[in-house]
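Participant: Sequence and predicted model, in that order:
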Amino acid sequence: MELELNPEEQAFCEEVRSFIKENLPEDIALRVRRNEKLGKDDYMRWQQMLGQRGWHVCTWPKEVGGPGWSVVQRYLFEVISAEMNCPIIQPFGPRMAGPVIFTFGTEEQKERFLPGIRDSSIWWCQGYSEPQSGSDLATLSTSAAVAGEDYLVNGQKIWTSYAHYADWMFCLVRTAKEDKPQKGISFLLIDMKSPGITVSPIIGMDGNHSFNTVFFDNVKVPKKNLIGEEGKGWTYAKFLLEHERVDNAAIGVTKQALQHVRDIAAVECVDGTPLIDDPLFHARLTQVEAQLMSLEMTALRVLSDVATGASPGSASSLLKIRGTEVAQQISLLGMEASGQYALAYQQGRASLPEYQFMAGPEYAVTATSNYLWKRCMSIYGGSNEIQRNIIAKRMLSL
Ligand SMILES: Cc1cc2nc3c(=O)[nH]c(=O)nc-3n(C[C@H](O)[C@H](O)[C@H](O)COP(=O)(O)OP(=O)(O)OC[C@H]3O[C@@H](n4cnc5c(N)ncnc54)[C@H](O)[C@@H]3O)c2cc1C
């Protein structure tokens, strides 16, 4: 599906394409094309280049230092970036911490924290989930007790993506026990170098280290790092989650993944016939493509409402469910299309300069780890079951 672009939008696409062509390091583009796990250095190198152009915070309005792009420009940037094998922009600073800080933070907090997000010199992580509080996040128990000019934080967070890379964490803590668990939660910004923080790795079933457990043992956090009012953290947390779920639709990356499966199915053969011509496989591919097209239209509709100042509300749940389901189906098709080559466990092999030791073609190397990784999409950002509950309650009044 092609959007009809006006001359300014066409010029914008040209600008984005030529920027990426001139600046995206080849080694990073290659790793993205091969679906390999990227490291901190890969993300930072690319994000800092975007930062120099003001594009790392591409969803921010001009007043807070963003490019002030329209919904269409943001969409075009995402699609072109995926087409040209750019790494996805890690959301923790620009899409999560940043908007909370510029919406609810003090002037001092804005001056202190926003520049490091704009230029991508600071890596943020999200401290929400706890071992007993995932879907039921409001029951969280990591505590922050007032001690003079500081809070003393004690407790444990879990599934903290890239905490091992992070300089700062935005964190939900309990500052009071109230009748409703949502009350008494506060939103703190915590320096990850603070004494008393221990980051412990969790290795995923795809074989990679993305998650961590983070322990807090009497960690001193200055009171000036509190966002907004004490006890109102749930409001800020919900604001952030609604925006996170819109982003979880990830249309650009998913379109690229679909094209990748098409490419595999064009060369992989069954009984001498390309898989793409197999009626069953073709039907499954077409069905998922139709779902992706309707998701794309819905995402654009929601984004244009957001651009006029509306909150994404429950529609973000809808986008999260469909976006993640479509991406998971595509990863399954990619693994199936790679056939027996996807069976070999080839962790890290795609990083080799030559392919003489590879079992099978390049596209098969990460097909299984990609499939396994994509299982997590229906869990993070609030599981898809929870999103269905939200839709049932708020949209269908059930
Ligand atoms: C890839 C990935 C990255 C993540 N990154 C972060 C991060 O950076 N920071 C962070 O704080 N957290 C992160 N998380 C954690 C994530 O937010 C939680 O895993 C998620 O909220 C679910 O919580 P849980 O794992 O405790 O599962 P549980 O809440 O224990 O749920 C277990 C199962 O029960 C179902 N369930 C639970 N309650 C209900 C209900 N009321 N109705 C129907 N079904 C229900 C769930 O859908 C799920 O299938 C990440 C998770 C993943 C997978």
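Facilitator: Done, it's in.

Participant: buried residues in stretch 195-204?
Facilitator: Residues 197, 199 are the ones in stretch 195-204 that count as buried (16 or more other C-beta atoms under 10 Å). All C-beta atoms are positioned from the backbone trio N, CA, C, and that covers glycine.

Participant: Could I get the average pLDDT for it?
Facilitator: Mean pLDDT, stretch 195-204: 96.

Participant: Is that stretch positioned near the ligand?
Facilitator: No: with C-beta under 6 Å from any ligand atom as the criterion, the ligand is not reached by stretch 195-204; the gap is at least 7.5 Å.

Participant: chain center to that stretch, what's the gap?
Facilitator: Computed by C-alpha atoms, centre = their mean, to the nearest Å, the chain-centroid distance of stretch 195-204 equals 20 Å.

Participant: And residue 64, how far from the ligand?
Facilitator: From residue 64 across to the ligand, the span is 23 Å (C-beta to the nearest ligand atom, to the nearest Å).

Participant: ok, that residue - contacts?
Facilitator: Residue 64 is in contact with 57, 98, 102, 110, 114, counting by C-beta atoms under 8 Å, 6 or more residues apart in numbering.

Participant: Which two of those residues have the greatest separation?
Facilitator: 57 and 110 (12.8 Å; C-beta to C-beta).

Participant: which of these two has more neighbours?
Facilitator: Taking neighbours as other C-beta atoms under 10 Å, residue 57 and residue 110 compare with residue 57 leading, 26 against 16.

Participant: The more buried one: which element?
Facilitator: Here residue 57 is covered by no helix or strand, with elements defined by DSSP states H and E.

Participant: My understanding was that it contacts residue 116; is that so?
Facilitator: No: using C-beta atoms under 8 Å as the test, residue 57 is too far from residue 116 to be in contact (11.1 Å).

Participant: between those two, what contacts are shared?
Facilitator: What both residue 57 and residue 116 touch, as defined by C-beta under 8 Å, 6+ apart, is an empty set.

Participant: what's the spacing between residue 125 and the ligand?
Facilitator: Applying C-beta to the nearest ligand atom to residue 125 and the ligand gives a distance of 6 Å.

Participant: And residue 273, by the same measure?
Facilitator: 37 Å.

Participant: swap in residue 336?
Facilitator: Residue 336 is 23 Å from the ligand, where distance means C-beta to the nearest ligand atom.

Participant: got it, and residue 342?
Facilitator: For residue 342 relative to the ligand (C-beta to the nearest ligand atom), the value is 21 Å.

Participant: So that residue, which state does it fall into?
Facilitator: Judged by DSSP: H, G, I helix; E, B strand; the rest coil, the three-state class of residue 342 is helix.
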